[in-house]
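**Student:** Next come a sequence and a model predicted from it.
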Amino acid sequence: MMPQSNEIFTLSIESSCDDTSAAILCNDRVLSNIVASQKIHELYGGVVPELASRAHQQNIVAVVDVAIKQAGISKKQLSAIAYTNGPGLMGSLLVGTSFAKTLSLSLDIPLLQVNHMQAHVAAHYIDNKPQFPFLCLTVSGGHTQIVLVKDYLEMEVIGHTIDDAVGEAFDKAAKVMNLPYPGGPLVDKYAQLGNASKYSFPTPARNGLNYTFSGVKTAFLNFVQKGKQANPNFLEDELHDISASYQQHLIHYLLKVFLMASDEYGIKELAIAGGVSANSGLRKALGQLSEQGYTTHIPKFEYCTDNAAMIGIVGYYKFLNQDFASIDLMPFTRGGALL
């Protein structure tokens, strides 16, 4: 592929947790998006940080190589390198950061640091872009946020969880039900076969536009324990109905607060992002809001979970603004403003 004068080729790298990903973008168009998942964590029921960083070291060279070859370009055509600077696991972030910095220096091209949470929101810029301003419900295993998106790089968190994330609420419930890791997708799978109205769970008291899931997790644990006391085969007999009822409860709670934010800010352009946005129940519930006068946006499945294409799209807009990163910038594990 021969570059044109207005073509910006960005190599992007995502290594914040347990997926090693590399992508090539030409301007805002994705040419390749390669993801290598780590199966080792299934043995431990959760991500083991040390094993994750080792796997990133094993995968990153091959993943980047495949991304470049699939895009049909050479390294010499790259205009910049974007990488996840945080939040995430420090060991995992350091692998991606070190690789990006080294390649940036060797090719003498700019470096673009990207906030992982901002990138989840920006996944919507890859295909059909929402109209500004819009609200984005960002839901994952580590975060639950309501983000006011004013422009491509101008975002403000207006609501967030004060304790656990909704993804954790799904995964911990799956663990209580003895489902293998990662359990959230299995809850979604079984929920599609059950009666969502059979069981009910308490809804947390309103706390502005913030969420809380710790009480919901505790209530679910107590619910299962009581059920097993009455019927030792409670989980086996009721797995589908329990999954459906619990999933519907979490979705109703998520959208209840999200719509409060919509009313408060007078914005009916709504989007979801993050790993939990792959949940079929949440996608269906958000889509149904279009019948009530809302304009809704749901990313493709490949852009919901961690991937480098979402890192690259932020990098592209940062490149246009000449917002380049310093070579001595260190990654961060938690917090961090939506830059």
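**Tutor:** Thanks, I have it.
**Student:** domains of the chain?
**Tutor:** Structural domains of the chain, as assigned by automatic domain parsing, span the residue ranges 9-121+304-320, 131-298.
**Student:** so which of the ones you listed gets nearest L329?
**Tutor:** Of all these, the one in closest proximity to L329, counting by Cβ to Cβ, is domain 9-121+304-320 (5.7 Å). Placement of C-beta: from N, CA and C, glycine included.
**Student:** hang on, the earlier thing: which of the domains of the chain has the highest mean neighbour count?
**Tutor:** Compared across the domains of the chain, domain 9-121+304-320 shows the largest average neighbour count, a mean of 21 (mean count of other Cβ atoms under 10 Å).
**Student:** just how off-centre is that one within its chain?
**Tutor:** 14 Å (Cα atoms, centre = their mean, to the nearest Å).
**Student:** how long is that domain end to end?
**Tutor:** Criterion Cα to Cα, to the nearest Å; first-to-last residue distance in domain 9-121+304-320 is 12 Å.
**Student:** re the thing from before, can you add mean pLDDT and distance to S326 and give the domains of the chain back as a markdown table?
**Tutor:** Written out in a markdown table, the entries for the domains of the chain read as follows (pLDDT from 0 to 100; distance: least, Cβ to Cβ, whole Å):
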| stretch | mean pLDDT | distance to S326 |
| --- | --- | --- |
| domain 9-121+304-320 | 95 | 8 |
| domain 131-298 | 96 | 18 |
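**Student:** Export those as CSV, with columns for distance to L329.
**Tutor:** Rendered in CSV, the data for the domains of the chain read as follows (distance: least, Cβ to Cβ, whole Å):
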stretch, distance to L329
domain 9-121+304-320, 6
domain 131-298, 17
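**Student:** Determine which of the ones you listed approaches R334 most closely.
**Tutor:** Taking Cβ to Cβ, domain 9-121+304-320 is the member of the domains of the chain nearest to R334, at 5.2 Å.
**Student:** what residues are up against G88?
**Tutor:** Contact analysis of G88 by Cβ atoms under 8 Å, 6 or more residues apart in numbering lists 15-17, 116, 331, 333.
**Student:** Which ones among those residues lie within helices?
**Tutor:** Cross-referencing those with the helices (criterion: DSSP state H) gives H116 as the overlap.
**Student:** Alright, that wraps it up for me.
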